[in-house]
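Trainee: Give me a model of this one.
(chains A and B)
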Amino acid sequence: MSEKEDAPKEIVGYRQQPGKLPFSRPGSGGKGKFSESTDQEMIPESQGGKLAQEWGPHRHDELISGRVVGKSTALVDSSWKVTGQAHYGDDVRLPGELIGRIVRSPHHYARVLSIDCTKALELPGVVAVATGDDAKNRFGVLPVTKDEHAMAVEKVRHAGDLVACVAAIDEATAREAERLIQVEYELIDPIHDMREGLEDSGEPIHDRGDYHIGESNVQKRVFQEFGDVEGMIENSVASHKKNWIFAGVNHAFTEPHAVVAHWDPTGRLTLYTPQQVPHYVHRALADVLEIPMHQINVHRTFVGGGFGGKSDPFPHEMCAAILARKSGKPVRITFDREEVYWVNRGRHPSRIEMNLHADDEGRICGIETDALIDGGAFASFGHVTTYYNGVLHTAPYEIGAFHYTGARVWTNKPASGAMRGHGAVNSRCAVEVGLDDLAEKLSVDPISLRLANLLPPHSATITGFRVTSIGMRECLERVREESGWNKKFRKLPLGKGIGIGCGFFISGSGLPIHWDPNKFPHATVHLKIDMDGGVTIHTGAADIGQGSDTVVAQSVAEVLGLPLDMIRVKSRDSDTSPVDLGSYSSRVTFMNANAAISAAMQIREELLDATVEITGAERSGLIIGDRRIFLKKDPAVGVSYLEALHKSQEDRGALVASGAYRTPPMGKMHKGAAAGLAPAYSFSAYVTEVSVDVETGQIKVDKVWAAHDCGKALNPLAVKGQIIGSCHMGMGQVLSEEMRYGRSGNLMNPDLLDYKIPSIHEMPEVIPIIVESNDPEGPFGAKEAGEGPLLPILPSVCNAVYDAIGIRTSELPMSPEKVHKMIEKRCREEEVSDPNNLPSPSLQHSSLQGVLENRAKEHRIRDKDRRLDEGRSDYHNGALFGLDPTIPPDEVDPRWSVRVTPEEEYLKSPRLAGSAWKHTERRHAEGQK
Amino acid sequence: MRMPPFRVLSPKSLDEALTMSRELSESGEEFDWVAGGTDLLPNYKWHINVKRHVISLSSIAELREISEESIGAMVSINELAEHESTHPVLAKAADSIASVMIRRSGTVGGNICLDTRCYWINQSETWRESIDWCHKCDCGTGADCRVIPNQNTLCVATYQADLAPVLMCLGATIHLASPKGKRSMSLCDFFKLDGMTRNVLEPGEMVTHITLPEDASDWSGDYQKLRQRESWDFPEAGVAVLWKGDEGDGPSNLRVATTGLESIPSLHSEEAKGALENWSGVETVEILSESIRKAVKPVQNTWFSPSYRRKMVKVLTKRACRKLLVS
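Mentor: So this is what the prediction gives:
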């Protein structure tokens, strides 16, 4: 830039006060010199702008300055990453660091009799070793199930479990020392099959004391009955039943776990770790190390992918801290890929029995689900996963009854945990495939079946979830339209198929994991603005690549009318960040942006006050534009952002504000009612087109039309990225990814060659379709987009495969060999020798199709009315079945009463997971004696 | 994973390499040749049969020569795939190997000498310790084979390289050199049925180049392979079918070779001969495919199950013959 250009040509929006302000260019800050005029296309109709609001106005409308929200924005930290300057866990280098290595169990289940570290300690270069004796306190992400130790105390519970750790001057020495640590084990019979976990065991993997369920390995069990369970089979004209087996899958993020621990000279610990939940690590460290939380700073590094796999406090983080304390030096531990699989926390291997029933009007009169999930050796998030496998498929459809039995068992495998779409993915797949089958049995179109059974906006599900905005109908209609569904479904040649699948997911968990009686907020954001005009945001929300720093920056920039380059996000250190619960349950955009908006609103008020003081204009007439605050009627009357800011700072200096978000009280009172409660829910519908090689069973996904209702796309680029990424991840689970355990019980593929993530060649064209249902509580109307978009891809692929070759899988991944087996079976059934001669599935609509289409049309009007009508009455699930929509059915109809424990009748012939209820908790069993 | 320490020697000529080989063996030291390193070095990281010395062949220009008849051992797979004189079926097989990055490092010689693979061996040392080792490595412990227990005479690890079956069908000759001298043989005689020994190479001996017979360009055909993903994955089964002189009444000569199914690649001469004798088009291809399926005996040590791989060998053979039927 030449000197001439650099000189200010004119000064816009600023009353010159020479000498008063020492700025060379008294503009309004930011890279752009001059204030830009407001883009009316971005201003909502409710504020007189041109942005159409089909879904009605929003409480945040008046905060819209038209700057950044709703515009595709590169993530604010992206330039660090693409230039290779982002520091991930293993990039942290502190002077004098030692390298830590972990000694792991080669056995699946054993008692640790002795550990001899003498030889290791004698090795030159070894500085410290530690064992389970150094930290005996338990920890775990959920306070109700703390069952982990830093290193084995008494027992090892899976091959790869931590036994000891060592710190040395370099990696080679540490690895050598690892070999020299002698451990003596006494083997115990391991359990590998999750079904065995339901039975009494001589040596349960954990001992829960009085609360232990029999002598079994059942960690958690759930029984739930809602609605007219008695009547559901009686009323049904078509039923679907399938026993599913889902292999466990791993997040397979790019960056393996890595941690650096450092005790500073004052005795405070700083832990550098790529974490999704720094706050829970903070708590666990305090428990394990027996030091107060204020003596610990958890520094979240850049995170090279998380997907739920970095959302537990981990034993290796404890190990690093323990070794650093013992050695007095920084200790770094970086995992091999294999160790990532041993820590795992991936999606639970599951056995799910799915039953669906439809009545003569094409209503879903019952869903019965039984889910046995394999938790591996530790609890992790499993308590919640057990509930989620049931409760998260009670919507988006209005259903007549819901019967759920779920159980999670411990086995001697690496622990399962939370993974993108936590607990909802497998059972959702089973439901959506079941609906496809029901539609087949009723001879109706599966999209019509769905459209005629949707819950309306602002309703309550059968389990009492408060659902606000719903864009499900629009998602379905748009994918039907854009994919050319009506011309393709059941009309494509053999080997080509098209399928539909839907999804429903929480946008933030209603209850925080650590439930504190003091009404702590879920998210808190601090703002600090000094005379330079830049806004510093302090937040504890963990950016794991999903763009949480960007969302919070956008929210504040929008409210204050600033360009993004004036915002800096400090989200790394727990020392400076207010507590945020972390990046899980798709909560960050919803909760943290709400907290950010509320903080920014306080600053906005102060800026408006200052403007009134300077200009004397009427406050209600002022609006905020780009770095300028002015009278809407007469934009010439106004001040620049900096001027207003400096006025506000008089006599007090930097402006600070704190905003917080807490979910409103919601839901019912039954046991487990809080599981699945969320302040809002996302919806999605995908149509997938596939080609199946009928001779080899190989499936190629050709194209996906992916509609997702995220409320409002604050950053459409990021939303599209999440949709496309979700398709890739879900495709892995449905087609090729699995944690495969061999006959010895060992994980056979703990590496990225044999753990088959789809490559670029397998990736289809994805057409992301964003539906914006304008959630009343969401920030600017937004809901989640990080996990929900994963759910529909699995069933839509399964259903497309059926459309292509007439086979329905009940096992994931649908590897070519499984598909080939099913094709062979179908050939035998159809008595054809060459699979190329198999008949392609066809569809002749029954009379029910018309009934469904009419109902869908009526509901379309009903839904539109409800979403715009502020004075709408309550709507409870059950109205479709003739009940009064305004009263919860369980309060008026005894058949609809809620049951959360099984009756003796059920226990006579329980389903697989339901059989977990045959055990009596020890405390009750003793009472019986 | 951490690479164990080893010493790298970088000879500039074949003679120098062979001298180094002799000197090492005279001093009782074991070593490995390394070409592209895409196979050896991952195995080293896993601490599988690590040697203290490695002789790198990357600076030996004479091993990089490529022409229609002769392919140097150090020609990269990518170069082979893209070279104008490469036989089209060989180019297709080369182009299907792993990924572009690996093809750029990996070499023809390295691919032919690819170590056999098995679920129970291609794992880290800690992992292998947890299954109490296996027959192929860590033999000091006398461990049993984990694929087929109670037999520790033969290793059944699988040969999963793509070039060999095509080269075998083309009638390639492989040329070896060692401090004791040079020798040549048909590629079909190079392999030796055992997952550990794999081939006839003596300690200190190496592959210098491959030559193709003059009539190589008269052969046409196809190579088909089975794998989960179109990139990265090793072949779970591979079938090369090459034929000569199809004048509408069937080929005058036919060769079929398979890979990815046993510890060595196989040329199925008997089956091809049978098909040639009674050629009747589609039916013959069906019979031939079935006979190839019966001829291979995969075991459970790769991603897909043996039964599926055998069934797919039949499909792949049929597909490889497709052009034969069209013409």
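
Trainee: Run a quick neighbour tally on B:Lys294.
Mentor: 12 (other Cβ atoms under 10 Å in any protein chain shown). In this view, the C-beta of every residue, glycine as well, is placed from N, C-alpha and C.

Trainee: Report the contact partners of A:Ser658.
Mentor: A:Thr524, A:Val525, A:His526, A:Leu527, A:Pro578, A:Ala599 (Cβ atoms under 8 Å, 6 or more residues apart in numbering or on different chains).

Trainee: Phi first, then psi, for A:Ala657.
Mentor: phi -150, psi 150 (degrees, to the nearest 10).

Trainee: Near the closest residue to it other than its chain neighbours, how many other residues are there?
Mentor: Counting by Cβ to Cβ, 6 or more residues apart in numbering or on different chains, A:Ala657 lies nearest to A:Gln602, which is 4.0 Å off, once chain neighbours are set aside. Number of residues near A:Gln602 (other Cβ under 10 Å) recorded here: 16.

Trainee: In which helix or strand does A:Gln602 reside?
Mentor: Using DSSP states H and E, the element containing A:Gln602 is helix A:593-615.

Trainee: The helix or strand just after that helix - what's its average pLDDT?
Mentor: Next helix or strand after helix A:593-615 toward the C-terminus (DSSP H and E): strand A:622-625. The average pLDDT within strand A:622-625 is 95.

Trainee: what stretches of the stretch 51-200 of chain B score poorly on pLDDT?
Mentor: B:139, B:152 (pLDDT under 70).

Trainee: For whichever residue of it sits closest to chain A, list the residues it contacts.
Mentor: Ranking the residues of the stretch 51-200 of chain B by distance to chain A (Cβ to the nearest Cβ) places B:Ser130 first, at 3.7 Å. With contacts defined as Cβ under 8 Å, 6+ apart, B:Ser130 is in contact with A:Ser105, A:Pro106, A:His107, A:Ala159, A:Gly160, A:Asn746.

Trainee: Next one: the fourth one from A:Val771, what distance?
Mentor: A:Ala159 is 46 Å from A:Val771, where distance means Cβ to Cβ, to the nearest Å.

Trainee: Find the nearest non-adjacent residue to residue 32, please.
Mentor: Using chain A. Take A:Gly32 and drop its neighbours on the chain: the residue closest to it by Cβ to Cβ, 6+ apart is A:Pro563, 6.3 Å away.

Trainee: you looked at the wrong chain, it should be chain B
Mentor: Leaving aside its chain neighbours, B:Asp32 sits nearest to B:Lys51 (4.8 Å; criterion: Cβ to Cβ, 6+ apart).

Trainee: before we move on, what about A:Pro57?
Mentor: Distance criterion Cβ to Cβ, 6+ apart; nearest residue to A:Pro57, sequence neighbours excluded, is A:Ser46 at 3.8 Å.

Trainee: from memory that neighbour sits against A:Gln53, does it?
Mentor: Yes - counting by Cβ atoms under 8 Å, A:Ser46 does reach A:Gln53; the two are 6.2 Å apart.

Trainee: which of these two has more neighbours?
Mentor: A:Gln53 (17 against 14).

Trainee: closest point of the stretch 151-300 of chain B to chain A, which residue?
Mentor: Minimum separation of the stretch 151-300 of chain B from chain A (Cβ to the nearest Cβ) falls at B:Glu230, amounting to 3.7 Å.

Trainee: Tell me the spacing between that residue and B:Asp95.
Mentor: With distances taken as Cβ to Cβ, B:Glu230 is found 11 Å from B:Asp95.

Trainee: cool, A:Arg466 as well?
Mentor: In terms of Cβ to Cβ, A:Arg466 sits 57 Å off from B:Asp95.

Trainee: The stretch 601-750 of chain A: helices as residue ranges?
Mentor: Applying DSSP state H, counting those that start in this stretch to the stretch 601-750 of chain A gives helices spanning A:641-649, A:716-735.

Trainee: and the longest one, anywhere near chain B?
Mentor: What that stands for is helix A:716-735. No - Helix A:716-735 stays out of contact with chain B when judged by Cβ under 8 Å from any Cβ of the partner chain, the minimum separation being 8.5 Å.

Trainee: re the thing from before, which helix or strand contains the residue nearest to B:Asp32?
Mentor: Counting by DSSP H and E, B:Lys51 is part of no helix or strand.

Trainee: do the same with B:Glu283
Mentor: helix B:282-295.

Trainee: immediately after that helix, which helix or strand?
Mentor: Beyond helix B:282-295 on the C-terminal side, the first helix or strand identified by DSSP H and E is helix B:306-320.

Trainee: What about A:Phe378, how many residues nearby?
Mentor: Using other Cβ under 10 Å, A:Phe378 has 29 other residues around it.

Trainee: Hmm, A:Glu148 and it touching each other?
Mentor: Yes - counting by Cβ under 8 Å, A:Glu148 is a contact partner of A:Phe378 at 5.4 Å.

Trainee: Could you name every residue contacting both of the two?
Mentor: Joint contacts of A:Phe378 and A:Glu148 (Cβ under 8 Å, 6+ apart) are A:Gly140.

Trainee: what are the ranges of the helices in the stretch 51-200 of chain A?
Mentor: Using DSSP H, counting those that start in this stretch, helices in the stretch 51-200 of chain A cover A:78-82, A:118-122, A:171-180.

Trainee: Deepest in the core, which of those helices is it.
Mentor: Most buried of those by mean neighbour count (mean count of other Cβ atoms under 10 Å in any protein chain shown) is helix A:171-180; its value is a mean of 19.

Trainee: by contact count, what packs against that helix?
Mentor: Judged by 3 or more Cβ pairs under 8 Å, 6 or more residues apart in numbering or on different chains; DSSP states H and E, the packing partners of helix A:171-180 are strand A:98-104, helix A:118-122, strand A:126-131, strand A:162-168.

Trainee: Export these to a markdown table and append columns for mean pLDDT and distance to chain B.
Mentor: Listed next are the helices and strands packed on helix A:171-180 as a markdown table, based on pLDDT from 0 to 100; distance: least, Cβ to the nearest Cβ, whole Å:
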| stretch | mean pLDDT | distance to chain B |
| --- | --- | --- |
| strand A:98-104 | 98 | 6 |
| helix A:118-122 | 97 | 16 |
| strand A:126-131 | 98 | 16 |
| strand A:162-168 | 98 | 11 |
